[in-house]
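In: compute the structure for the input listed below.
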Amino acid sequence: MDSETNNREHQKPKTRKKRMVLVIVIFVLALVVLAGGISVFMYNQDTDSEGYVYSNVYHVNTSTYAFTLYMNQFKLSTWGFLGAANVAQMKFIVKATDPNRELFTGYATTAASEPYRRSFQCEIPTYWHWFTEPYYADIFINTTVIEGAGAPPSLPQTQTFWLTSTHSKSTAEMTYLPLHEQYIWFIMNLDGSKNITADIQIAFKSPILTVLPFVLLPLGIILDVGGIYLLRRKK
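Out: Next up, the predicted model:
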């Protein structure tokens with residue numbers, strides 16, 4: 001009987017030591033999870049109510065019938081397995097600066113829209129880039145050239161190749177994510193006339209980051225509670 005009691009007493013320090021190691025691991029993991037949740041939550045405060053961050057504004061002022069921009073495909077990173085719509089969403093914003101003109105904004109694949117673009121005079125950047133990542137967006141247009149001649153053979157809103165299009169006298173927004181092909185944005189006057197003035201921006205958000213704090217913070221709290229429970233166990 002005394003031998004069994006001594007064995008149990010001898011095993012208690014080992015069990016207690018293993019439990020302390022487990023508690024430390026749980027607390028460290030909880031700290032990492034909570035820190036991640038708090039960091040993402042703080043970064044989210046710099047976005048708008050929908051989770052978007054906005055680029056700088058580029059001022060369009062062209063004497064032609066359209067301002068067009070080529071848009072290369074957006075490449076998803078290693079997070080692509082979560083689904084494109086969950087990882088990245090983009091918004092193209094066009095603000096009309098002439099209250100007397102209604103602007104048409106649309107985008108389409110290059111293959112479908114290039115014949116229309118080449119049928120009239122338009123302005124297009126010779127070098128430009130756009131860059132987006134969580135909490136950052138940038139649009140940079142260095143130089144532009146004027147291509148083509150004459151007025152559009154038909155109004156932009158009558159074309160059938162648009163993937164998304166809208167028109168407004170104030171601010172127009174299009175939400176999209178260019179994948180797999182090259183696209184072109186078009187900014188034109190709705191009546192097909194020349195002389196276009198507008199302010200354009202790109203906005204970007206990663207929807208999964210708006211949800212992440214509500215997953216990480218409760219998980220961190222649960223881990224902390226679990227660690228405290230193990231720490232206070234007497235057996």
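
In: please parse the protein into its domains.
Out: Using automatic domain parsing, the domain parsing of the chain gives 2-45+211-232, 53-208.

In: make a markdown table out of these and add mean pLDDT.
Out: Output for these, formatted as a markdown table (pLDDT from 0 to 100):
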| stretch | mean pLDDT |
| --- | --- |
| domain 2-45+211-232 | 79 |
| domain 53-208 | 88 |
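
In: buried deepest among those domains, which one?
Out: domain 53-208 (a mean of 16; mean count of other CB atoms under 10 Å). C-beta: built from backbone N, CA, C; applies to glycine.

In: over to that domain now: how far is its first residue from its last?
Out: End-to-end span of domain 53-208 (CA to CA, to the nearest Å): 14 Å.

In: just how off-centre is that domain within its chain?
Out: With CA atoms, centre = their mean, to the nearest Å as the basis, domain 53-208 stands 16 Å off its chain's centre.

In: for the residue nearest to Tyr43 when sequence neighbours are not counted, give me its contacts.
Out: Of all residues not flanking Tyr43 in the chain, Tyr135 sits nearest, at 5.3 Å (CB to CB, 6 or more residues apart in numbering). If you count contacts by CB atoms under 8 Å, 6 or more residues apart in numbering, Tyr135 has them with Tyr43, Asp46, Thr47, Val53.

In: okay, and which of the residues you listed map to strands?
Out: Val53 (DSSP state E).

In: redo the contacts of Tyr135 as CSV? Include distance to Leu212.
Out: CSV is the format used below for those (distance: CB to CB, whole Å):
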residue, distance to Leu212
Tyr43, 10
Asp46, 15
Thr47, 13
Val53, 16
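
In: mind telling me what element Gly220 is part of?
Out: Assigned by DSSP states H and E, Gly220 belongs to helix 207-232.

In: tell me which other helices or strands that helix touches.
Out: Applying 3 or more CB pairs under 8 Å, 6 or more residues apart in numbering; DSSP states H and E, we find helix 207-232 packed against helix 2-44, helix 84-87.

In: Pro213 is nearest to which of the ones you listed?
Out: Checking these against Pro213 by CB to CB gives helix 2-44 as the closest, at 4.0 Å.

In: quick check: bridge partners of Val53?
Out: Phe204 (DSSP bridges).

In: from Met42, how far off is it?
Out: Distance check for Val53 against Met42: by CB to CB, to the nearest Å, it reads 14 Å.

In: now Ile124
Out: According to CB to CB, Ile124 and Met42 sit 40 Å apart.

In: that's a helix at Val145, yeah?
Out: No: Val145 is assigned strand when assessed by DSSP: H, G, I helix; E, B strand; the rest coil, not a helix.
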